[in-house]
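# Got a predicted structure here, sequence first:
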Amino acid sequence: MSTSPRRWLALAALTLSVLIVGLDGTVINVALPTMAAQLHASSAQLQWIGGGYLLALSVAMLPVGLLGDRFGHKRLLLSGIGLFGLASLGGALATTSGQVIAARAVLGLGAAAIMPLSMAILPRVFAKAELTKAIAVWTAATALGMPVGPVVGGWLLDHFWWGSVFLFNLPIAVLALLAGLWLLPRDELRTATARFDTLGTVLGGLGIVALVYGTILIPADGWASASVLASLLSAAALLTGCVLRERRTAHPIVDLALFTDRRFLWGTLIAVFVNFAVMGILFVVPQYLQAVLGNDSFGTGLRVLPLIGGLMAAATASEAVVPRLGARTVVPLGMLVMAAGLVLGATTDTSDGYGFTALWLALTGLGFGLAVVPATSLVMGALPEGNTGSGTSLLETVQQLGSVLGVAGLGSLLGYGYLARLHTDGLPGEAAHAARDSIAGANAVADRLHDTALAAHAHEAFVHGMNLVLTACGSIALLAAVLAALFMPGRSTCSRTVARSAAEHAESVA
């Protein structure tokens with residue numbers, strides 16, 4: 001299929017499937033206040049509408065790649081898209097908070113199949129020469145859904161009921177399913193399958209559950225609480241047991257030997273570093289745009305798009321730049337550009353307008369694309385023929401867990417910076433508690449009391465916390481640039497990889 005014009009239509013089908021996952025991940029946040037009012041949902045139930053999705057996504061992603069390698073990437077991907085569509089319909093028809101939580105959990109299962117398997121199919125559709133461009137488009141689609149989600153959600157809630165944020169997924173899922181059936185290459189028949197590592201799956205699954213559950217509790221309970229420490233220590237013990245099991249069993253659920261390949265190791269680490277920084281941006285910037293600059297959800301989503309614009313520009317340039325300079329040059333360069341954008345953003349003042357934010361977002365997005373596309377290409381080049389699903393599942397799982405922990409850590413840093421500068425002396429007890437809880441709470445108190453000084457003071461405190469987060473993300477990007485320059489494989493290694501992959505592709509076509 002690597003020479004067929006249909007390969008670009010096949011890429012469109014794959015990007016459509018990951019786009020709905022990105023959209024769904026953020027569109028629900030806009031609808032939570034409306035759902036809380038109409039479904040009478042408690043704070044804990046609202047938390048689990050997001051938490052249940054994260055748990056299901058994180059747990060299922062690891063084994064689904066191996067299942068795809070054994071039973072067919074296309075078959076499992078289309079099953080995931082179908083499940084995602086059915087769960088979206090169930091969410092739209094839900095009448096209780098419990099039903100919404102269940103629908104979101106099933107959505108997480110569908111997303112766990114879509115993300116790694118759509119990536120695993122790319123090398124079967126594109127030859128090595130075009131794979132970088134395909135990865136760039138796929139990456140842009142995954143990132144595009146995150147800021148566009150609030151735009152879509154805000155528009156839907158302005159015109160329809162809260163269930164429309166679920167129903168919106170259904171026609172896109174149907175279109176992606178039909179396009180996948182028609183355009184994606186057929187699965188190869190496999191007559192023999194190895195024994196499935198049930199014990200390793202259980203250990204890994206329980207360890208991931210404990211890790212994600214512990215991070216979900218952090219905002220409410222704090223890092224030092226007994227519940228969080230017990231969850232994180234349990235996660236460490238279970239995941240250690242999983243690693244020991246996978247190293248000893250003859251048929252592991254994940255091939256940990258992939259980490260001995262420098263292409264996979266450093267490509268994965270760079271992808272995690274980049275994803276960590278981007279999640280930090282998407283965590284704090286929407287709050288800044290809404291609570292400090294006063295935009296609604298729709299306007300906020302539009303104003304995050306310069307990040308995607310920078311990513312698209314980098315995706316266009318990477319196809320020409322990477323073959324000339326090599327990943328070992330382009331990836332550190334991208335991380336340096338990303339660090340520069342983040343450090344520039346960390347100088348934000350409450351008097352700065354949106355133009356300054358758009359500038360550093362675009363610069364950060366440019367660095368994001370320059371780093372993540374060749375890093376992902378390195379990972380794909382390290383995956384063995386016929387087992388790409390397991391490798392992409394491992395990559396996506398590590399990235400997902402890094403994102404979960406990153407948001408928890410960066411959220412704590414934002415809270416620390418906000419509270420360090422916020423003074424609520426003179427406010428009634430309940431009002432002081434609301435103001436210290438969040439910037440949105442402080443704005444509400446200021447509106448109720450007609451206290452413009454409190455609002456201005458809270459905005460300054462929030463911007464201080466945001467700048468700390470951006471500084472931390474910029475420092476991580478700078479560290480990643482140094483590590484990539486020192487340890488990523490050089491051009492000779494990558495050239496051998498390209499030659500070997502091209503030969504393997506030619507043999508498979510023949």
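Thanks, I have it. Numbers count the residues shown, from 1 in each chain.
# Quick check: F84 touching A111?
Yes. When contacts are counted by C-beta atoms under 8 Å, F84 is listed as touching A111 (6.5 Å). In this view, the C-beta of every residue, glycine as well, is placed from N, C-alpha and C.
# Overlap of the contact sets of those two?
21, 24 (C-beta atoms under 8 Å, 6 or more residues apart in numbering).
# What ranges in the chain fall below the confidence cut-off?
1-4, 43-44, 189-194, 319, 386, 490-510 (pLDDT under 70).
# just the strands in the chain please.
Here the chain has no strands by DSSP state E.
# tell me the domain ranges of it?
Per automatic domain parsing, the structural domains of the chain span 1-186, 197-252, 258-510.
# Now mean neighbour count too, for those, in a markdown table please.
Below are these laid out as a markdown table (neighbours: other C-beta atoms under 10 Å):
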| stretch | mean neighbour count |
| --- | --- |
| domain 1-186 | 21 |
| domain 197-252 | 17 |
| domain 258-510 | 20 |
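# Spit out the contact partners of A92.
By C-beta under 8 Å, 6+ apart, the neighbours of A92 are 163-164, 166-167, 170.
# Render the CA-only coordinates of stretch 218-233 in CSV, please.
The C-alpha trace of stretch 218-233 is given here as CSV (Å, rounded to 0.1, in the frame of the first residue of the first chain):
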residue,chain,number,x,y,z
ILE,A,218,-3.5,14.1,45.3
PRO,A,219,-5.5,17.3,44.6
ALA,A,220,-8.0,16.6,47.4
ASP,A,221,-5.8,14.7,49.9
GLY,A,222,-2.3,16.0,49.3
TRP,A,223,1.0,14.2,48.5
ALA,A,224,1.6,13.2,52.1
SER,A,225,-1.8,11.7,52.9
ALA,A,226,-2.0,8.1,54.0
SER,A,227,-4.3,7.2,51.1
VAL,A,228,-1.9,8.7,48.5
LEU,A,229,1.2,7.2,50.0
ALA,A,230,-0.4,3.8,50.3
SER,A,231,-1.5,3.9,46.6
LEU,A,232,1.8,5.0,45.3
LEU,A,233,3.8,2.5,47.4
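# Give me the contact list for that stretch.
Contacts to stretch 218-233, defined as C-beta under 8 Å, 6+ apart, come from residues 47, 210-211, 213-214, 217, 408, 411-412.
# one more time with 6 Å, if that's ok
Defining contact as C-beta atoms under 6 Å, 6 or more residues apart in numbering, one finds that stretch 218-233 is touched by 210, 213-214, 217, 408.
# Go through the contacts of A92 and flag which are in helices.
Among the contacts of A92, the members found in helices (DSSP state H) are 164, 166-167, 170.
# how distant is stretch 68-81 from the center of its chain?
21 Å (C-alpha atoms, centre = their mean, to the nearest Å).
# List just the nearest of the ones in helices among the contacts of A92 to V284.
F166 (26.9 Å; C-beta to C-beta).
# give me every residue that touches that closest one.
Counted by C-beta under 6 Å, 6+ apart, F166 has contacts 88, 91-92.
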